[in-house]
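K.L.:
after the sequence you'll find the predicted model.
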Amino acid sequence: MEEHRDDIGSRMGMWIFIFTEILLFGGLFLVYAIFRAKYSAEFHSAAYELNTFLGAFNTVILLISSMTVAMSITAVQKGDKKLALILLGITILMALTFLVNKYFEWGHKVHMGIYPGSDLLKQFEQGELMFFGLYYFMTGLHVFHIIVGMIILLVVMYKVNSGTINADKFVLLENGGLYWHLVDLIWIFLFPLLYLIT
Amino acid sequence: MENESKQLNYLEDTQGRKGIWAWILSTDHKRIGILYLISIAVFFVVGGLLGGLMRAELIAPGETIMDPQTYNGIFTVHGIIMIFLVVIPGLGAVFGNFFLPIMIGAKDVMFPKLNLFSWWIYIVGAVLAICSQFAGDGAPDTGWTFYAPYSTESGTNVIFAVFAAFVLGFSSILTGLNFIVTIHRMRAPGMSWFRMPLFPWSLYATAWIQVLATPIVGITLLMIVAERLFQIGFFDPNLGGDPILYQHLFWIYSHPAVYIMILPAMGVITEIIPTFCKKAVFGYKAIALSSLAIAGVGYFVWGHHMYTSGMSGTARWFFSFLTFIVAIPSAIKVFNWVSTMYKGSIDVRTPFLYALSFIFLFMIGGLTGLVLGSLASDVHVHDTAFVVAHFHYIIFGGMGFAFFAGIHYWYPKMFGIMYNEGKANIAWMIIFVGFNVLYFPLFVIGMQGMPRRYFDYLPEFQTGHVISSIGALILLVGIFMMIWNLFRARKNGTIAEANPWGGVTLEWQLQSPPTLYNFDEIPTITGDPYNYK
Amino acid sequence: MDDHHENHITPYITHLKVLVTLLFLTFATIAVTYVELGALTVTVALLIATVKVFIVITWFMHLKYEEPIFRYFVIGVFLLFALIIFITFFDYAFR
């Protein structure tokens, strides 16, 4: 059978997958909304434990990485393979930086005894317990998606390098980019809800 | 339409692969549909036997053939298998996969490899579900609904079972994704949306539910795991959580899930009735749009499973009101089916018998749903056998009978063989009688106060239970007869012609069984789908 | 029908402008938290976040140049999500 190529259909499939991810995190945002409404004072005080600077820094990093992956599409469309690879490389580097930041952020908290199931946490208010539970769960699930996104971008980078993705056929890059933007979108909401409620 | 020398059909064309590899590595939507058919049939029989064991236990009060812990494990796994392995994939995975591309004039779905992957994920999930029964700390005893706080505290294999459901959710999501894009992008030239047959319409509405609702139960199940493993207490009041939150999250998916079960079933019935009435379906647009309406409004009624949970009064009347609204598009369909039959040239064949009984049983299930949907009466029958009877009438009497209707309708097309209709009709009769004898008494004892998921009961309920268990036996006989008859046809059946029922949708213009790519040339559609001369 | 999207190449400078806008909005969100708005702080922060999401979807994710059906999908999904939250609060707000 001849290869049935439909780039619009391919992107449509990716968008639908993105919808499922939005709703997956959406469930968590719903839980956040409920407990935030119930424990507004405790959420407010618990949020002081978070490092707003690191959170903001991570936000900036992800926004830049969204730009670089979007630019890489322009580069491929223009046939500029070298620039495309550089831009994708930067995107992946940004992702790595995000992960490193997260590692230090979590590490610091764990060191202080603030993690689900810890003895210290048992002395906190219930609302604060809920805040940290949500914090770890939401950022943890997000980190998982960053890692998946990085793998996707590496695969895409490989294909740009080998020429499988080129100016005539780049829907895979577009779809990889869409997934990456999703990861950014989630963080755009996570950041103010977790870090900026002080 | 047939070539003089018939081309290889899809069963003969193994695309160079041998034996079982020709099946489990094939990306042909028809073979994938058969893979689902076999898997689902196997799990249906297993789940049905488990149900039979439950009926055997309940034939007398007290311990009859098993202890209470075993009983709890059995009704849990009965639910897990039936819901996640049988009725949710159900008609969509079997007949949707086989016939969606054909009915819209396409050679396959949009993403054939993803389609095969969906089936593989389904099998992985099934294996996990089976393992949860035997590994580690024992079969889960929480019910298929995994309510907190018991699911976060129970010493049994909850994580295993919950993870199985999570994996199965992926299968559902990816199939839905595939179908949405297929319907948007691969309809034959000239097939506008309102020239598309109504089974694809129902699959389209269903696919959106699969895609948008399933992730919510996905995250909910992950939260159960988080609470069990990491003591993050979303549902534990001691840790600041709320057990009712679990119910909200669970039913935000699981109510739309019942529309995943029933919408394709209604779609199949909508195909069968015009064929056996030789008359265009009455109110084509109403049926198409009512599928979307059911899918849409169905997202907002989930709280009717929670009237007695401790929700606010405001929430309760809101959900009750919406529940009554969502009944309307279903009623529209019933009206249209009956109107299609009016002044039609009716040919009572096996598929039509199942379709008629579908309407009857679905009506009973639907009307008793209104009893449950209305606040005052629900308080009386919530968590009783009344609920059990209601959902079995809807799911089994509805979707199950529609499945049987579909397999008897499309069997000649799928396999090129015609089964013994006389035996099929006898099996139908036995199934129909057995079904009602099994489930109707449960309405009665439910109203009298018999709780659901109870191992033991007061002597006053025994008569109802005995009748019900006898019904189970009759039903089991009928089901086995039906399956055996279809199975036997492979050896003893007659060769089927391309269009044994005189249907007018695209699948009947192909040879039986179809060739690998369905159409030699994609047809151009010039008229409405139900064009009976 | 494919040409509409395939031929459109977003200039590098457009991507840069989008980033600058997003960064500006990010700093605005942070700045807002230093202003005493009480309960309104969250609303403003979420509003700004919504604008950022809109910008990312429209330009970075190229929705502006896609078939119109994609737009309806996105709107539908967010509407559904918002409604689910709204309806759940019928319970929590009135207990």
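P.N.:
Yes, it's here. No experiment lies behind these values; they were computed from the predicted model shown.
K.L.:
how about the residue in chain A that chain B sits nearest to, what does it touch?
P.N.:
Chain A approaches chain B most closely through A:Gln126 (3.1 Å), counting by CB to the nearest CB. Placement of C-beta: from N, CA and C, glycine included. By CB atoms under 8 Å, 6 or more residues apart in numbering or on different chains, A:Gln126 lies in contact with A:Tyr39, A:Glu42, B:Leu239, B:Gly240.
K.L.:
any idea whether B:Gly143 is helix, strand or coil?
P.N.:
The three-state label given to B:Gly143 by DSSP: H, G, I helix; E, B strand; the rest coil is coil.
K.L.:
which secondary structure state is assigned to the residue nearest to it when sequence neighbours are not counted?
P.N.:
Excluding its sequence neighbours, the residue lying closest to B:Gly143 (CB to CB, 6 or more residues apart in numbering or on different chains) is B:Thr76, at 5.5 Å. Under three-state DSSP, B:Thr76 falls in the helix class.
K.L.:
so B:Thr76 touches B:Gly138, yeah?
P.N.:
No. Using CB atoms under 8 Å, B:Thr76 is not in contact with B:Gly138; the gap is 10.9 Å.
K.L.:
who's more crowded, those two?
P.N.:
Set B:Thr76 next to B:Gly138 and count neighbours by other CB atoms under 10 Å in any protein chain shown: B:Thr76 wins out with 25 against 16.
K.L.:
can you get me a residue count around residue 61?
P.N.:
No chain specified, so I'll use chain A. Around A:Ile61 sit 19 other residues, with neighbours defined as other CB under 10 Å.
K.L.:
try chain B instead
P.N.:
As a burial measure, B:Pro61 scores 15 neighbours (other CB under 10 Å).
K.L.:
over to A:Glu21?
P.N.:
Neighbour count of A:Glu21, defined by other CB under 10 Å: 16.
K.L.:
what sits closest to it if chain neighbours are left out?
P.N.:
A:Glu21 sits nearest to A:Leu182 (CB to CB, 6+ apart), 5.6 Å away.
K.L.:
show me what contacts that neighbour?
P.N.:
Shown in contact with A:Leu182 (CB under 8 Å, 6+ apart): A:Ile18, A:Glu21, A:Ile22, A:His145.
K.L.:
element containing the nearest residue to the third one once chain neighbours are set aside?
P.N.:
Here the nearest residue to A:Ile22 in space, its sequence neighbours aside, is C:Val77; by CB to CB, 6+ apart that works out to 6.2 Å. With secondary structure defined by DSSP states H and E, C:Val77 is part of helix C:68-92.
K.L.:
name the residues of that helix that are buried.
P.N.:
Judged by neighbour count (16 or more other CB atoms under 10 Å in any protein chain shown), helix C:68-92 contains these buried residues: C:70, C:73-74, C:77-78, C:80-81, C:84, C:87-92.
K.L.:
got it, and stretch B:235-255?
P.N.:
B:235-236, B:239-255.
K.L.:
could I get the CA-only coordinates of the lowest-mean-pLDDT helix or strand in chain A as CSV?
P.N.:
Within chain A, no helix or strand scores below helix A:119-122, which has a mean of 86 by mean pLDDT, DSSP states H and E. Taking Å, rounded to 0.1, in the frame of the first residue of the first chain, the C-alpha atoms of helix A:119-122 are listed here in CSV:
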residue,chain,number,x,y,z
ASP,A,119,8.5,12.7,60.9
LEU,A,120,8.8,16.5,60.6
LEU,A,121,5.8,16.7,58.3
LYS,A,122,3.7,14.9,60.9
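K.L.:
mind checking how far the helix or strand encompassing A:Leu193 is from the chain centre?
P.N.:
Following DSSP H and E, one finds A:Leu193 within helix A:171-195. The chain centroid and the centroid of helix A:171-195 are separated by 5 Å under CA atoms, centre = their mean, to the nearest Å.
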